[in-house]
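In: Here is my input, please return the structure:
(chains A, B, C and D)
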Amino acid sequence: MRLPQKNRTIEEAVAHIGDGASIMVGGFGVPGTPFNLIAELVRQGQKNLTIIKNDANEAGMGIDHLLANGQVRKLIVTHLGLNAHAIELMNRGVIEVEFCAQGILAERIRAGGAGLAGFISDIGIGTELAEGKQMVTVDGSDYVLETALRTDAALIHAERCDGFGNLCFAKTARNFNPLMAMAADCVIVQSRNCLPIGDIDPDSIHTPGPFVDHVVALDQLHKEYAIVRR
Amino acid sequence: MRLPQKNRTIEEAVAHIGDGASIMVGGFGVPGTPFNLIAELVRQGQKNLTIIKNDANEAGMGIDHLLANGQVRKLIVTHLGLNAHAIELMNRGVIEVEFCAQGILAERIRAGGAGLAGFISDIGIGTELAEGKQMVTVDGSDYVLETALRTDAALIHAERCDGFGNLCFAKTARNFNPLMAMAADCVIVQSRNCLPIGDIDPDSIHTPGPFVDHVVALDQLHKEYAIVRR
Amino acid sequence: MVARAARAIEPGMLVNLGIGLPTRVVNFLPTGMEVGLHTENGLVGVGPTMDYDHADCDLIDAGGAYISALPGGAFIDSAMSFAIVRSGRLDLTMLGAFEVAQNGDLANWKIPGKFSPGVGGGIELAQKAAHVMVLTTHTDRKGNPKLLERCTLPLTAIGSVERIFTDMAVVDVTPQGFVLRELAEGISVAEVKSATGAPLMIPDGDIPTF
Amino acid sequence: MVARAARAIEPGMLVNLGIGLPTRVVNFLPTGMEVGLHTENGLVGVGPTMDYDHADCDLIDAGGAYISALPGGAFIDSAMSFAIVRSGRLDLTMLGAFEVAQNGDLANWKIPGKFSPGVGGGIELAQKAAHVMVLTTHTDRKGNPKLLERCTLPLTAIGSVERIFTDMAVVDVTPQGFVLRELAEGISVAEVKSATGAPLMIPDGDIPTF
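Out: Got it, this is the predicted structure:
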């Protein structure tokens, strides 16, 4: 299977994103965050973006560059604890922030990737996080309806890939990446290790190629993809 | 991490299943079907079982021995096309059969394994398969509510495992196995390759150990786990 | 008809071929053509069928045939397999049929009282693949038409079939109903019309043969 | 108190230690104890913390600390990580708290107008772990009690806390309310009572110290 090669330059790949786009961004802290793709998105300057990510990285890193550059309208995240700048922008009303429980965010993304409309669970019933959400009663029990998330684009950091878009992730850099790689109309992957087709063990692929649209081979990772000394 | 060793004899492991139990059984055709565990269940003779499996194998194989032995009350499957005996039992009213669309069965099992109560989708709307199911309206669109499945036990065939219950599956023998291995209160695994803890690449594990209760090391696979010449 | 159907597959597509006649389409694809074949039991990148002596008992397609996997293939679980289908990443599926209606409704899984082995993955394939084509004989064994004004059997999917390849013709499903596109060699327009259980529009000009 | 909390962990348990004080519990586990530590960002089998010179930038815990993975560990995605939590396979979680009510309600993620960085994985851990214990100072920095009749802050979970380890005491949540189980060395029953914002039952007999 050679299929259409999905290799692109980073400029070509990120140019598929337009103003006003919704974008999922992989990563939990540094691991799995596609810093190179984010930097290119900052360079190209698309505006009015909605970003879905576990967190907003730390001040001065990754997602924070998009915030500083005024490109973000809304964040959907699980927490902003390590980015005081993002919290300040939220408190000043410069950006809109929607918080989601972490596992619920993961499932909403997966549901979008699996072609479902949503799911029901008892998580958060009786707390602020369930407020305003549609409830569904099944066999006499009440559940919160959580709607599926899909976006225009997803930015993914993979440890290894091939030109068909089969992906493998490393250690805790996996996190949201394989879920987001299923759930966007335009899935863009960065990786330092683009292997010839056939070089990845077919039993060990985390994301199968059909979900992926563009693969960007990196000569080196962005300097922010490194140990953070606090 | 050594943790409690989950290695059991096949007799001990299957003895955790009682009369009237609901049981998920991995496999799609021969690949991934836990023939050894099924044979032990036939030997022990638990009655009045509800079996959830993609199919009922072929006449004279696997699940069909449970049917022939009168141990099964109900089957939840996606199709019985290769087992004329099962179809005959269904038509005669000896067993109850519930059919489910294949991907919907997979998702219902996964939802049970993920601790969700169910999901909503548009699959089957306007067909017999959606009849009688609860509908949910979201933003003006109608969806079928599919409820999560969990069972008392799951019988799983893995290619490799360790004593903590980390599992890897081979090729198309993966199918429903990793989903079912999440979705039962008592998950029993058979494998010919029980490796020392630490011998499985932690990035390539399909089912993490916490879901698994009992691991049965097989000297050899059941003779039915072989090429079927038709 | 199988060879003709194979020509509907374009390089780079991700395709699922249903059990039965559609499975045979793979034998008519040009050698080396870059098509990704999906089998719903858990493989993207289906390779050639294997004979019993070279078969791997862990490697079958959804119809139970022993197959191989091509380089670049990926094994996936059943949830991931249908995530690909339902999320719209499957470009094309070719399915068998008991009946196809002029509005694209498909019935291919149940004949009440006679045949009801279950639907398998058919509903999701028929409802969610980007393109759905049917490969079937034009009439059933008794000569009754399979292309109808409306289906009489339990439906698999509503309004999803785009094109039908039969032993007599290639017929498109359009908003106006069935339209004849091609004729099998030696078959006349009148023969197709009489074997079709719904109005069949005939475009002006020559009808190509296959 | 951290050392005392560590004694609640039994061999063979699967445990998630929340960000902050609870994370430090790992340093008080007996060497070689067979505990599976789960970190919600994607690892079962958390090993010792790594210093900057030996850290792997792909390997952190949910609090952002550089860690290692033990043999037998498994890396998992965020959906699988919380599938373990929600399906009841997590034996124990230890969490921090702003407030705990005598019915087991927990508030630990938001102080309206002051602190609202988001809930992370806390809601699911607090709602779904088989056992939920809290590790916190008995009072806040201003000396106000954290153990209350009812929580005033937005809740993380309802009625889920079983046991509270503080710098002053070990307190159980029972159907009848808070019950004093142990005292920190040098702390009197009267001191704990006055630092607790709800009735505190004192069992007959000696109260052990830790």
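
In: Give the pairing partners of the strand with the most length in chain C; include direction for each.
Out: Criterion DSSP state E: the longest strand present in chain C is strand C:67-75. Using DSSP bridges, strand C:67-75 pairs in its sheet with strand C:43-49 (antiparallel).

In: Near residue 168, how many other residues are there?
Out: All of this is about chain A. 22 (other C-beta atoms under 10 Å in any protein chain shown). C-beta here means a position set from N, CA and C on the backbone, and glycine is covered the same way.

In: Please refer instead to chain C.
Out: What C:M168 shows, counting by other C-beta under 10 Å, is a neighbour count of 22.

In: which non-adjacent residue is nearest C:R181?
Out: C:V170 (4.5 Å; C-beta to C-beta, 6 or more residues apart in numbering or on different chains).

In: so that neighbour sits in a strand?
Out: Yes. Membership of C:V170 in a strand is supported by DSSP: H, G, I helix; E, B strand; the rest coil.

In: for the chain, longest helix please?
Out: This is for chain A. Scanning chain A for the helix with the most residues, using DSSP state H, yields helix A:102-113.

In: that's the wrong chain, I meant chain C
Out: Ranking each helix of chain C by length (DSSP H) puts helix C:78-86 first.

In: can I get the CA coordinates of the next helix-or-strand element following it in PDB?
Out: Where DSSP states H and E defines the elements, the next helix or strand beyond helix C:78-86 is strand C:92-95. Provided in PDB are the C-alpha atoms of strand C:92-95 (Å, rounded to 0.1, in the frame of the first residue of the first chain):
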ATOM      1  CA  LEU C  92     -16.400   4.100  -0.800                       C
ATOM      2  CA  THR C  93     -18.200   0.900   0.100                       C
ATOM      3  CA  MET C  94     -19.600  -1.700  -2.300                       C
ATOM      4  CA  LEU C  95     -22.400  -3.800  -0.900                       C
END
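
In: Neighbouring strands - and their directions - for strand C:92-95?
Out: Short version: by DSSP bridges, strand C:92-95 pairs with strand C:14-17 (parallel), strand C:131-135 (parallel).

In: residues near the residue nearest to C:G197 when sequence neighbours are not counted, how many?
Out: Nearest residue to C:G197 in three dimensions, chain neighbours excluded: C:P145, at 3.4 Å (C-beta to C-beta, 6+ apart). Other residues near C:P145 come to 16 when the count uses other C-beta under 10 Å.

In: Go ahead and confirm C:P145 touches C:A195.
Out: Yes. Assessed by C-beta atoms under 8 Å, C:P145 is found in contact with C:A195 at 5.7 Å.

In: Between the two, which contacts overlap?
Out: Here C:P145 and C:A195 have C:138-139 as joint contacts, going by C-beta atoms under 8 Å, 6 or more residues apart in numbering or on different chains.

In: relative orientation of the longest helix of chain C and strand C:43-49 in degrees?
Out: 90 degrees (axes from the mean of the first three to the mean of the last three C-alpha atoms, to 10 degrees).

In: and stretch C:151-163 with chain A, contact?
Out: No. Using C-beta under 8 Å from any C-beta of the partner chain, we find that stretch C:151-163 stays clear of chain A, coming within 14.3 Å at best.

In: Can you name the residues that contact A:L67?
Out: When contacts are counted by C-beta under 8 Å, 6+ apart, A:L67 touches A:56, A:85-86, A:89, A:95.

In: Please name the nearest non-neighbouring residue to the residue of chain C at minimum distance from chain B.
Out: Residue nearest to chain B within chain C: C:F82 (2.6 Å; C-beta to the nearest C-beta). In space, and not counting its chain neighbours, C:F82 is closest to B:G103: 2.6 Å by C-beta to C-beta, 6+ apart.

In: What is the neighbour count of that neighbour?
Out: 30.

In: That one contacts C:E124, doesn't it?
Out: Yes. Using C-beta under 8 Å, B:G103 makes contact with C:E124 at a distance of 4.6 Å.

In: Which residues are in contact with each of these two?
Out: Counting by C-beta under 8 Å, 6+ apart, the contacts common to B:G103 and C:E124 are B:123, C:82, C:85-86.

In: I'd like those laid out as TSV, including distance to A:L80, pLDDT and neighbour count.
Out: Shown next, in TSV, are the shared contacts of B:G103 and C:E124 (distance: C-beta to C-beta, whole Å; pLDDT from 0 to 100; neighbours: other C-beta atoms under 10 Å in any protein chain shown):
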residue	distance to A:L80	pLDDT	neighbour count
B:I123	37	97	26
C:F82	35	98	27
C:V85	36	97	27
C:R86	33	97	23
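
In: Relative to A:T50, which of those is nearest.
Out: C:R86 (23.5 Å; C-beta to C-beta).

In: Just name whatever secondary elements the longest helix of chain A is in contact with.
Out: Contacts defined by 3 or more C-beta pairs under 8 Å, 6 or more residues apart in numbering or on different chains; DSSP states H and E place helix A:102-113 against strand A:118-121, strand A:141-147, helix A:177-180, helix D:78-86, helix D:122-128.

In: Tell me which of the ones you listed sits most buried.
Out: helix A:177-180 (a mean of 30; mean count of other C-beta atoms under 10 Å in any protein chain shown).

In: Tell me the helices and strands packed up against that one.
Out: So helix A:177-180, by 3+ C-beta pairs under 8 Å, 6+ apart, packs with helix A:102-113, strand A:151-158.

In: ok, residues contacting stretch A:111-120?
Out: Residues contacting stretch A:111-120 (C-beta under 8 Å, 6+ apart): A:107-108, A:136, A:138, A:143-151, A:179-183, A:211, B:107, B:111, B:116-122, B:138, B:141, B:143, B:145, C:79, C:82-83, C:85-88, C:128.

In: likewise stretch A:83-98?
Out: By C-beta under 8 Å, 6+ apart, stretch A:83-98 touches A:55-60, A:63-64, A:67-68, A:72-77, A:80, D:116-118.
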